[in-house]
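Participant: Please find the sequence and the predicted model below.
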Amino acid sequence: MHSKTTERNGRWAVVTGASSGIGLALARGLAARGYDLFMVSRDAEQLETAARSVRETCGVQARCCPMDLAVPGAAEALFERCREAAIRPHVLVNDAGTFIYNDILDTAPERIDRILCLHMRTVTMLCRLFGEEMAADGGGYILNMASYSLWMPWPGIALYSSTKAYVRSFSIAFAKEMRERNVGVTAISPAGVATDFYGLSRGLQRLGCRLGVLMTPEKVARKALRALFARRRHIVPGWYNRLFIPFCTGMPDPCVRLIRRKTARFRH
């Protein structure tokens with residue numbers, strides 16, 4: 001378990017997708033533990049606003065690194081930026097992701113390439129590059145963002161759910177490889193979260209939280225960080241979400257087709 005003494009020892013955390021949602025909540029949670037932050041996101045303006053907020057509320061360093069992680073070579077470029085800044089992180093959080101609800105044949109090949117790169121190649125290579133560095137430094141922690149949808153291979157989210165299934169499978173296997181190198185690897189598969197990620201209005205997000213069908217990003221972040229520093233390989237936040245996994249994986253085709261019809265307006 002990560003001690004308060006080492007947490008306050010000037011260690012760095014690299015957090016992707018850190019400008020909003022769960023990524024920002026994770027960045028704040030790590031800052032509260034005393035970590036200085038190297039925050040990564042595509043939106044430079046939103047990222048700077050988020051970093052300023054973290055600096056003001058937590059009193060840690062929060063450096064911004066605006067970059068697109070959905071292109072080949074992005075992982076290597078981010079690793080090189082950290083080397084140039086003399087930052088060797090003790091924690092890596094791979095939170096950057098994009099949601100798509102669309103049939104494969106209705107999705108541009110270029111968009112498919114970007115999602116595959118962001119969710120699979122970039123995550124894998126960041127784990128490879130920073131994992132080796134952490135092992136050389138005596139240990140560290142890596143958190144990868146999967147998704148509850150990995151148990152939902154349904155039409156419309158085929159690309160999203162399958163890439164998140166990869167993240168979970170890769171993380172569990174990688175955790176076993178890195179155990180003897182003192183690097184903890186954790187995947188988290190949250191269900192519904194009250195963020196702008198899925199295109200839900202703020203009103204629906206608040207309603208979802210009141211009804212208990214959505215979690216706040218802060219709650220997900222707290223559970224994720226506890227699991228990370230406990231070196232758990234995979235978690236699904238919320239006992240009730242775990243109960244529904246068999247239902248999702250075994251849902252009859254007529255029910256899947258009904259859901260598809262009801263959610264057709266969200267396709268984009």
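Facilitator: Yep, that arrived. Since we're looking at a predicted model, the values are computed, not measured. Numbers count the residues shown, from 1 in each chain.

Participant: From Glu133, how far out is the closest residue to Val91 other than its chain neighbours?
Facilitator: Nearest non-adjacent residue to Val91, counting by CB to CB, 6 or more residues apart in numbering: Ala13, 3.8 Å away. Using the backbone N, CA and C atoms, a C-beta is placed for each residue, glycine as well. Noted for Ala13: a distance of 14 Å to Glu133, by CB to CB, to the nearest Å.

Participant: circling back to that earlier point, residues contacting the residue nearest to Val91?
Facilitator: Ala27, Leu30, Tyr35, Asp36, Leu37, Phe38, Pro89, His90, Val91, Leu92, Val93 (CB atoms under 8 Å, 6 or more residues apart in numbering).

Participant: Isn't the third one up against Val14?
Facilitator: This means Tyr35. No. Using CB atoms under 8 Å, Tyr35 is not in contact with Val14; the gap is 9.9 Å.

Participant: Now do the shared contacts for the two.
Facilitator: In contact with both Tyr35 and Val14: Val91, using CB under 8 Å, 6+ apart.

Participant: shaky segments in the stretch 51-200 of the chain?
Facilitator: 194-200 (pLDDT under 70).

Participant: So which residues of it form helices?
Facilitator: 74-84, 109-116, 122-136, 158-178 (DSSP state H, counting those that start in this stretch).

Participant: Nearest to Cys248, out of those helices?
Facilitator: Nearest of those to Cys248, taken as CB to CB: helix 158-178 at 10.1 Å.

Participant: Surely the residue nearest to Val91 forms part of a helix?
Facilitator: No. Per DSSP: H, G, I helix; E, B strand; the rest coil, Ala13 lies outside any helix segment and is strand.

Participant: Show me the beta-bridge partners of it.
Facilitator: Leu37, Val91 (DSSP bridges).

Participant: From Leu47, how far off is it?
Facilitator: Ala13 is 15 Å from Leu47, by CB to CB.

Participant: again, but for Val236
Facilitator: Taken as CB to CB, the span from Val236 to Leu47 is 29 Å.

Participant: And these two? Which one has more around it.
Facilitator: Neighbour count, other CB atoms under 10 Å: between Val236 and Leu47, Leu47 has more, with 24 against 21.

Participant: what separates the more buried one from Ala32, distance-wise?
Facilitator: In terms of CB to CB, Leu47 sits 19 Å off from Ala32.

Participant: Same question for Asp43.
Facilitator: 23 Å.

Participant: Tell me which residues touch Leu243, please.
Facilitator: So Leu243 contacts nothing (CB under 8 Å, 6+ apart).

Participant: If we use 10 Å, what do you get?
Facilitator: Val236 (CB atoms under 10 Å, 6 or more residues apart in numbering).

Participant: between Ala13 and Glu133, what contacts are shared?
Facilitator: Between them, Ala13 and Glu133 share the contacting residues Pro89, Leu92, Gly140, judged by CB under 10 Å, 6+ apart.

Participant: most surrounded residue in those?
Facilitator: Leu92 (28 neighbours).

Participant: Neighbour count: Asp43 and Ala32, which is higher?
Facilitator: Ala32 (16 against 12).

Participant: Retrieve the pLDDT associated with that one.
Facilitator: The per-residue pLDDT reported for Ala32 equals 96.

Participant: And the closest residue to it other than its chain neighbours, how close does it get to Tyr148?
Facilitator: In space, and not counting its chain neighbours, Ala32 is closest to Cys58: 5.9 Å by CB to CB, 6+ apart. Shown here: Cys58 relative to Tyr148, a distance of 29 Å by CB to CB.
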